[in-house]
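Student: What shape does this take:
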Amino acid sequence: MVALAIRNAIKMSFSLRLLFAITLIPKTIYAAELVMAISNGSGMPMTDIRAEELKGGILKEFGDALGEQLHLQPRYLILPRTRVEGALLRGHADLLCDLRPEWLDNQTFLWSDAIISNRMIVAMRRERPLPASLDAIAGLRVGTVRGYRYPEVERLQPAIARDNAANDSQNLEKLLLGRFDFIFTNRIYFDWQRKVHPERERLAPYDLKITDFDTYCAIPAHGKLAIKDLNQAIATLKARGTIQSILARYRPHGPS
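Tutor: Reported below is the predicted structural model:
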């Protein structure tokens with residue numbers, strides 16, 4: 001009986017130690033989350049959003065690589081463009097990426113080093129001649145994405161008539177339906193569509209440059225991430241060629 005009691009005591013002691021160790025696992029082994037707010041206004045190749053979940057695309061691959069580098073588990077919060085800033089301000093998300101300071105209302109965010117180089121363009125159907133300049137589209141109806149800012153064209157007089165869509169994909173479909181003759185979009189998105197869209201032959205192989213730009217990640221000043229750690233992670237991904245490889249996988253090859 002004494003031996004049995006001793007064995008039971010040993011088992012209980014081991015169980016208590018095991019239970020105590022398990023309670024420490026979330027802090028020591030399982031990574032905390034890295035929540036990235038994603039605007040539902042973008043489309044492939046930046047984001048593959050299906051059933052309100054980010055399934056793939058450049059931003060998911062970048063977020064996955066960034067999370068691994070920071071030892072954090074990435075999670076993606078899909079929101080309308082007009083709500084992504086609020087998610088960051090209220091602590092529902094840790095960072096926003098593929099943005100610029102002048103595109104947001106809040107000016108208290110901290111901004112990372114550049115992550116992606118892109119170009120803002122005016123795109124059109126094939127039968128539409130290339131405008132000579134931005135001034136040539138002044139006063140016209142142009143396809144835009146709701147909640148997005150286009151600082152370089154807001155100076156046009158008369159002002160363009162914005163025809164807002166929820167995202168780039170809806171905007172493109174409205175262009176093909178003849179709702180308007182021009183859309184504001186970015187080169188990465190439109191180059192992809194000129195290669196994969198079922199009606200790609202109707203898309204002009206030319207476009208009008210608005211401006212070249214880099215995009216960055218924004219974090220709250222007192223959030224989970226320190227800007228130094230974020231920039232170090234981005235620098236490491238660049239040095240390894242990770243970001244360049246991600247972009248290359250989605251870049252169509254050959255003539256448009």
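Student: Return the distance of residue 193 relative to residue 176.
Tutor: In this structure, residue 193 and residue 176 are 10 Å apart, going by Cβ to Cβ, to the nearest Å. All C-beta spots, glycine's among them, are computed from the backbone N, C-alpha and C.
Student: er, residue 217 actually
Tutor: In this structure, residue 217 lies at 33 Å from residue 176, with Cβ to Cβ as the measure.
Student: Comparing the two, which residue is more hemmed in?
Tutor: A count of neighbours by other Cβ atoms under 10 Å puts residue 217 above the other of residue 217 and residue 176, at 27 against 13.
Student: I figured that one was touching residue 110, is that so?
Tutor: No - no contact is recorded between residue 217 and residue 110 when judged using Cβ atoms under 8 Å, the distance being 9.2 Å.
Student: Could you tell me how far the lengthiest strand in the chain lies from the centre of the chain?
Tutor: Longest strand in the chain, counting residues (DSSP state E): strand 208-219. With Cα atoms, centre = their mean, to the nearest Å as the basis, strand 208-219 stands 12 Å off its chain's centre.
Student: what packs against the following helix or strand past that strand?
Tutor: Reading on from strand 208-219 to the C-terminus, the next helix or strand found by DSSP states H and E is helix 227-239. If contacts are counted by 3 or more Cβ pairs under 8 Å, 6 or more residues apart in numbering; DSSP states H and E, helix 227-239 sits against helix 58-70, strand 208-219, helix 242-249.
Student: how much does the first one deviate in direction from helix 227-239?
Tutor: Yep, that's helix 58-70 we're talking about. Helix 58-70 runs at 110 degrees relative to helix 227-239, counting by axes from the mean of the first three to the mean of the last three Cα atoms, to 10 degrees.
Student: where along this structure do the helices fall?
Tutor: Along the chain, counting by DSSP state H, helices occupy 2-28, 58-70, 84-89, 168-176, 187-196, 227-239, 242-249.
Student: Least reliable of the ones you listed by average pLDDT, please.
Tutor: When the helices of the chain are compared on average pLDDT, helix 2-28 comes out lowest at a mean of 48.
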